[in-house]
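>>> What follows is a predicted protein model with its sequence.
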Amino acid sequence: MNSKIRIKLSFMMFLEFFIWGSWFVTLGTFLASNLHASGSETAAVFSTQSWGAIIAPFIIGLIADRYFNAEKILGILHLVGAFLMYQMYISTDVTLFYSYVLGYMILYMPTLALVNSVSFNQMKDPEKEFANIRVWGTIGWIIAGLSISYLFHWDSPEATAQGLLKNTFLLAGIAAFVLGIFSFTLPKTPPKVSDEKIKIGDIIGLDALKLLKDKNFAIFFVSSILICIPLAFYYQNAHPFLTEAGLENPTGKMAIGQISEALFLLLIPVFFTRYGFKKTILIGMLAWAIRYVLFAYGNAQDLSFMLIIGIALHGICYDFFFVSGQIYTNSKAGEKYKSAAQGLITLATYGVGMLVGFKVAGWITDNYKILSGGVDWKMVWIIPAGIALAVFLIFALFFNDKSNSKKEVASI
């Protein structure tokens, strides 16, 4: 890959995740402060990510992979997305806002696969080259959070009270417009020409259901869905909680989670080799429970370090469970069901699991509102901590796969 193409792909990845990080982190606080949304309404808005994840494989499998160049579809989706972002920016009603964000997520989630397709198409050795491109996506998310807190100060108490958080949608919309135009300059990525009849089961990974006959994989599969319930609490409630707690520059500080994610990703091979898959994934599950206990008992004054540690645990929470889970799925599926298995796990976690998780998080938040108008955050965090601990115990007791972890490490 020549340097010009590498720069283009890196810039593409940077903008792809800069867009997401620009508005999704502060979404919960925006909904509460600007649109006065209830917990259930907030849950419905966050659930659009799950609907986007469910619908995305059909857009990719039925359209992108067969009829049009990936870079052109990427450009069109982001240009339409920029328009929807502007509509979200000017929205003052949560019902209308929901329709715009639903449309946006249905368009955005497929772009996550498209940027990968464009990248892989230019690589001779993706296993060695892709990480150096993908890391710019993480940098983009981090820069978005730091900009909101330390450059624009939109998440300060004064700015939030003035409704300035809506500017995050304008920022994301501008970035989406730039990426939409830029996409048409990316290297050509033609569709996969195939005369085979499309099977819906192939698109959503139904062939991989055969793997559920393996008791250990079935336990992992169910655990993956259940652990998404506490994950949804973090996405939906972390920023509003940190803002209400009075933590300064909460969006910028939440970027510590992405820095942690990048660092702990490098440690997965070490943990796999030394401790194996089961212990690695159990550490990830336990980290969810610990982080929520830290949130429950920490504060923005003398115990602010507990909140920071809770944010920093994101790398262990996400990488040690989800990335490890993808590696385990890859090793169990084999060549025949590899793609189908990954599609099924994605559908189960970001689709079904997160959909249930956001619903539960919204219901819990509504049921623990206090008379002063705030939320009993201690209980809102103790409950997902308990759920994560329960999943930890289920997995520890019933998962007994003794497969060789070195084979799994080789697939990283």
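Done, it's in.
>>> Surely residue 264 forms part of a helix?
Yes - per DSSP: H, G, I helix; E, B strand; the rest coil, residue 264 lies within a helix segment.
>>> My guess is it contacts residue 319. True?
Yes - with contact defined as CB atoms under 8 Å, residue 264 reaches residue 319; the gap is 4.5 Å. For every residue, glycine as well, the C-beta is placed using N, CA and C.
>>> Provide a list of residues in contact with residue 82.
Going by CB atoms under 8 Å, 6 or more residues apart in numbering, residue 82 touches 173, 174, 176, 177, 180.
>>> Just put these in TSV and tack on secondary structure.
Shown next, in TSV, are the contacts of residue 82 (three-state DSSP):
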residue	secondary structure
173	helix
174	helix
176	helix
177	helix
180	helix
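>>> Select from these the one having the most neighbours.
residue 176 (31 neighbours; other CB atoms under 10 Å).
>>> Spatially nearest residue to residue 284 (excluding sequence neighbours)?
Closest residue in space to residue 284, ignoring its immediate chain neighbours: residue 320 at 3.0 Å, by CB to CB, 6 or more residues apart in numbering.
>>> Next one: that neighbour relative to residue 371, how far apart?
Per CB to CB, to the nearest Å, residue 320 is found 40 Å from residue 371.
>>> neighbour-wise, which of those two wins?
The residue with more neighbours, out of residue 320 and residue 371, is residue 320; 26 against 5, by other CB under 10 Å.
>>> and that one, how far is that from residue 211?
Separation of residue 320 from residue 211 (CB to CB): 22 Å.
>>> and which of the contacts of residue 82 is nearest residue 135?
Distance to residue 135, by CB to CB, is smallest for residue 176 among these, at 21.1 Å.
>>> Would you pull up how far stretch 11-24 lies from the middle of the chain?
12 Å (CA atoms, centre = their mean, to the nearest Å).
>>> Now it: buried residues?
Within stretch 11-24, the residues that count as buried by 16 or more other CB atoms under 10 Å are 11-24.
>>> my guess is residue 167 meets residue 153, correct?
No - counting by CB under 8 Å, residue 167 does not reach residue 153; the two are 10.5 Å apart.
>>> Now stretch 111-126: buried residues?
Quick answer for stretch 111-126 (16+ other CB under 10 Å): 111, 112, 113, 114, 115, 116, 117, 118, 119, 121, 122, 123.
>>> Check which helix or strand the fourth one maps to.
This means residue 114. Residue 114 is part of helix 94-120 when elements are defined by DSSP states H and E.
>>> avg pLDDT for that helix?
Helix 94-120 shows an average pLDDT of 92 in the prediction.
>>> helices or strands up against it?
Judged by 3 or more CB pairs under 8 Å, 6 or more residues apart in numbering; DSSP states H and E, helix 94-120 is in contact with helix 3-23, helix 39-46, helix 48-59, helix 70-90, helix 126-146.
>>> just how off-centre is it within its chain?
12 Å.
>>> Equivalent analysis for stretch 297-304, please.
For stretch 297-304, the distance to the chain centre is 27 Å (CA atoms, centre = their mean).
>>> Residue 191: how many residues sit nearby?
Close neighbours of residue 191, defined as other CB under 10 Å, add up to 15.
>>> now the helices and strands packed on helix 94-120 in JSON lines, with mean pLDDT?
Output for those, formatted as JSON lines (pLDDT from 0 to 100):
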{"stretch": "helix 3-23", "mean pLDDT": "96"}
{"stretch": "helix 39-46", "mean pLDDT": "96"}
{"stretch": "helix 48-59", "mean pLDDT": "85"}
{"stretch": "helix 70-90", "mean pLDDT": "96"}
{"stretch": "helix 126-146", "mean pLDDT": "88"}
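>>> Could you take those and lay them out as a markdown table, with extra columns for distance to residue 97?
Converted to a markdown table, the helices and strands packed on helix 94-120 look like this (distance: least, CB to CB, whole Å):
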| stretch | distance to residue 97 |
| --- | --- |
| helix 3-23 | 12 |
| helix 39-46 | 7 |
| helix 48-59 | 10 |
| helix 70-90 | 6 |
| helix 126-146 | 20 |
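>>> ranges for the helices of the stretch 251-400 of the chain?
Ranges of helices in the stretch 251-400 of the chain, per DSSP state H, counting those that start in this stretch, are 268-297, 304-312, 314-318, 324-346, 354-367, 377-398.
>>> Deepest-packed of those helices, please.
helix 314-318 (a mean of 24; mean count of other CB atoms under 10 Å).
>>> CA atoms only: put that helix into CSV for me.
Output in CSV follows, covering the C-alpha atoms of helix 314-318 (Å, rounded to 0.1, in the frame of the first residue of the first chain):
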residue,chain,number,x,y,z
HIS,A,314,-13.7,0.4,29.6
GLY,A,315,-10.7,-1.2,27.9
ILE,A,316,-10.9,-4.4,30.0
CYS,A,317,-14.7,-4.4,29.9
TYR,A,318,-15.0,-4.2,26.1
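>>> For this protein, give me the ranges with low pLDDT.
Counting by pLDDT under 70, the ranges of the chain that qualify are 60-66, 127, 192-207, 334-340, 402-412.
>>> Looks like residue 55 contacts residue 106 (just checking).
Yes - applying CB under 8 Å, one finds residue 55 in contact with residue 106, separated by 5.3 Å.
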